[in-house]
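Provided below for reference: sequence and predicted model.
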Amino acid sequence: MGLTHPQYLVMLALWEHEQLSVKELSRLLQLDPGTLSPLLKRLESADLIRRRRDGRDERLLAVTVTEAGRALREQAEKIPATIMDRLGMGLDELKDLHGTLTRVIAVATAAGAA
């Protein structure tokens, strides 16, 4: 697909929400805005996203998916099945793993904030 893993995560978030502010993306993906900004620039230069000032709040930068970005989603939808096939794991196993890893991240994040 021509995306790095962090770029793919940005696109997943945008495919789900259609439009997010940079601040919301940063929070959702747990990426520092300084890390996220170059990712967004590369995605924008590839014509997959568009960044514009939010009409409701000029202080915010709204990120939306372009037509090319929406077309890329069709390719991306094939990835989960390919991953399950290559890992030899079923959907239930992966859901359990995701839940466990999500809890580990939450505990680690809380411990880091303490």
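Noted; the coordinates are in hand.

Would you map out the domains in this structure?
1-77, 80-114 (automatic domain parsing).

Of the ones you listed, which stretch is the most buried?
Ranked by mean neighbour count, the domains of the chain are led by domain 1-77 with a mean of 15 (mean count of other Cβ atoms under 10 Å). Every C-beta, even on glycine, is put in place using the N, C-alpha and C of the backbone.

Any idea which helix or strand in the chain has the lowest mean pLDDT?
Of all helical and strand segments in the chain, the minimum by mean pLDDT, DSSP states H and E falls on helix 79-87, at a mean of 86.

which residues sit against the helix or strand just after that one?
Using DSSP states H and E, the helix or strand that follows helix 79-87 in sequence is helix 91-113. Outside helix 91-113, the residues within contact range by Cβ atoms under 8 Å, 6 or more residues apart in numbering are 30, 84, 87, 89.

again, but for stretch 55-73
When contacts are defined by Cβ under 8 Å, 6+ apart, stretch 55-73 is touched by residues 1, 11, 14-15, 18-23, 25, 40, 43, 46-54.

change it to 10 Å
Contact with stretch 55-73 is made by 1-3, 8, 10-15, 17-25, 33, 36-37, 40, 43-44, 46-54, as judged by Cβ atoms under 10 Å, 6 or more residues apart in numbering.
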